[in-house]
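Student: can't give you the sequence, but here's the structure:
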């Protein structure tokens, strides 16, 4: 399901900052939402740290970064603390938001088809319309730079 050019689905999820977050509160901002399988795993850590390292440049482009996984807020807190992540992580334990964004479903893992989180990223424009949708992200270390490069062209 490619969301590019469509209205981004709303959500209401608990964040690592102790607040509940919904898409409406980011109206007028560019929102980068990246979906990842698990805190503290090698690929997810590389991706999060790359977003961390580019965070200042993303903020300078008026973008907000939100990471989303099924992990608990306690897990998110440890992940943020361990790697100094400067952005909010949202907890989607039932994968409800992920399903609406096409970030949960069948995927191949170690040659087997399984149900799980599909590593993907959505850039939502100031008007709530999806500007870019990477339906699957393969290169976790370089993907955040790809997102930044895209935002520089918008």
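Tutor: Received the coordinates, thanks. Since this is a predicted model, take the numbers as computed values, not measurements.
Student: that's a helix at residue 152, yeah?
Tutor: Yes - counting by DSSP: H, G, I helix; E, B strand; the rest coil, residue 152 falls inside a helix.
Student: residues in contact with the nearest residue to it once chain neighbours are set aside?
Tutor: Distances taken as C-beta to C-beta, 6 or more residues apart in numbering put residue 61 closest to residue 152, at 6.9 Å, once the chain neighbours are dropped. All C-beta atoms are positioned from the backbone trio N, CA, C, and that covers glycine. Contacts for residue 61 (C-beta atoms under 8 Å, 6 or more residues apart in numbering) come out as 30, 148, 151-152.
Student: again with residue 146
Tutor: residue 134 are the contacts of residue 146 under C-beta under 8 Å, 6+ apart.
Student: and it, what are its phi and psi?
Tutor: With angles defined as degrees, to the nearest 10, residue 146 sits at phi -60, psi -40.
Student: and the gap between it and residue 127?
Tutor: Going from residue 146 to residue 127 by C-beta to C-beta, to the nearest Å gives 23 Å.
Student: Point out the other helices and strands that the lowest-mean-pLDDT helix or strand in the chain packs with.
Tutor: Ranked by mean pLDDT, DSSP states H and E, the weakest helix or strand in the chain is strand 104-109, scoring a mean of 86. Packing contacts for strand 104-109, counted by 3 or more C-beta pairs under 8 Å, 6 or more residues apart in numbering; DSSP states H and E, involve strand 112-117.
Student: Strand partners (parallel or antiparallel) of the helix or strand following the strand it packs on?
Tutor: The element immediately downstream of strand 112-117 (helix or strand, assigned by DSSP states H and E) is strand 120-124. Strand 120-124 sits in its sheet next to strand 30-35 (antiparallel), strand 130-134 (antiparallel), going by DSSP bridges.
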